[in-house]
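[1] Got a predicted model here, sequence first, then my questions.
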Amino acid sequence: MLHQFDTETSVAAAHLAELSLQEDLQQVGDLTSRATIPEHLSAAVRIVVRQPGVIAGLGVLPLVFRLLPGQVRSEVFLADGDSVFSGSAVAELHGPVRTLLTGERTVLNFLTHLSGIATRTAEFVRAVRGTSAQILDTRKTLPGYRLLQKYAVRCGGGVNHRIGLYDGMLIKDNHLAARGSSSCAGAVKAARDFLQEHRLTVPVEIEVDTLEQLEDALTERPELVLLDNMSCPQLCEAVQLRNRLAPATRLEASGGVTLQTVRAIAETGVDRISVGSLTHSSPALDIAFDWPW
């Protein structure tokens, strides 16, 4: 599936590219390239992948080099979401050598990080193939990188959870504690009343830790219930309970999900599995500039 930055993601990427270059250059610039590379020298360089994975973040290429002096032309061979192998050529860049060297690390920081997320997501998606479960991300993202990291999850075949606190409700245990009431049904009803009063339409989800809490929550039929850190036998019971009391409510499993456990979780019949490590702990994909010698 072809993936491209939408307008909001492009704006976020451009802002981060500007910050990244400012960190590197300040008011002085790239001293090493200025000292060692003739100003007139131009070349072509290839961006090459060093290990198998899924590529993501190619939209940063024009955004980074647009902020640097000299015209750089990008010839892109692949699309975000494509599978890559060791030695895969992703793109070729043509332009002033100083400019290419100055932008190299910023470009690679984006590509290695976002491709790492896409690659890890694809591993989880493959692990649950044949079940009805979707793999979702969470809000455990780096400041400023949320739209990009969630974009990378989509490139890997995953599905985005809510983007922020503004586009969905997730009533967690801390909300219940702060309310001073353990009633899950009461919290769901309060959320519904709020949405009706303010004429808002967003899904209501509540986190539960026990089957007793789930049964209580299902009396108000929330759109989603997050089953936090439940064992597979508990998840199976939760699915049966949902099927009996509120078949339209979707169930989401979360908490310490790994590649070793995700298949068994998916086979319990839950609809969604959220994995925080997709965005906060995915290892970078090894990608480099290959320079001509």
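    All right, it came through fine.
[2] how about the strands in the stretch 51-200 of the chain?
    Applying DSSP state E, counting those that start in this stretch to the stretch 51-200 of the chain gives strands spanning 53-54, 73-76, 83-84, 89-96, 134-136, 169-171.
[3] closest to residue 231 out of those?
    strand 134-136 (19.7 Å; Cβ to Cβ). Glycine gets a C-beta too; all of them are placed from N, C-alpha and C.
[4] roughly how far out does the closest one sit from the chain middle?
    11 Å (Cα atoms, centre = their mean, to the nearest Å).
[5] Quick check: which of the strands of the stretch 51-200 of the chain is nearest to residue 16?
    Of the strands of the stretch 51-200 of the chain, nearest to residue 16 by Cβ to Cβ is strand 73-76, at 18.2 Å.
[6] what comes into contact with the closest one?
    The contact list for strand 73-76 (Cβ atoms under 8 Å, 6 or more residues apart in numbering) reads 58, 61, 62, 65, 90, 91, 92, 93, 94, 95.
[7] hey, which of the strands of the stretch 51-200 of the chain is tucked in deepest?
    Across those, averaging neighbours per residue (mean count of other Cβ atoms under 10 Å) puts strand 53-54 on top, at a mean of 26.
[8] What are the boundaries of the helices in the stretch 101-250 of the chain?
    Secondary structure of the stretch 101-250 of the chain (DSSP state H, counting those that start in this stretch): helices at 146-155, 173-179, 184-197, 211-218, 232-245.
[9] mind checking which of those is nearest residue 15?
    Nearest to residue 15, of all those, is helix 146-155, at 10.3 Å by Cβ to Cβ.
[10] Quick one: residues in contact with the closest one.
    3, 5, 8-9, 12-13, 16, 54-57, 80-81, 110, 113-115, 117-118, 121, 136-137, 139, 141-142, 159-160, 163-164, 278-279.
[11] Give me the buried entries from the residues you listed.
    3, 5, 9, 12-13, 16, 54-57, 80-81, 110, 113-115, 117-118, 121, 136-137, 141, 159, 278-279 (16 or more other Cβ atoms under 10 Å).
[12] Correct me if wrong: residue 16 contacts residue 142.
    No. Using Cβ atoms under 8 Å, residue 16 is not in contact with residue 142, being 9.6 Å away.
[13] what is in contact with those two at once?
    With Cβ under 8 Å, 6+ apart, residue 16 and residue 142 have no common neighbours.
[14] Nearest to the spatial middle of the protein, which residue is it?
    residue 150 (2.8 Å; Cα atoms, centre = their mean).
[15] And that one, how far from residue 6?
    Look at residue 150 and residue 6: by Cβ to Cβ, to the nearest Å, they are 11 Å apart.
[16] Please apply the same query to residue 103.
    Residue 103 is 23 Å from residue 6, by Cβ to Cβ.
[17] Please consider this matter closed, and thank you.
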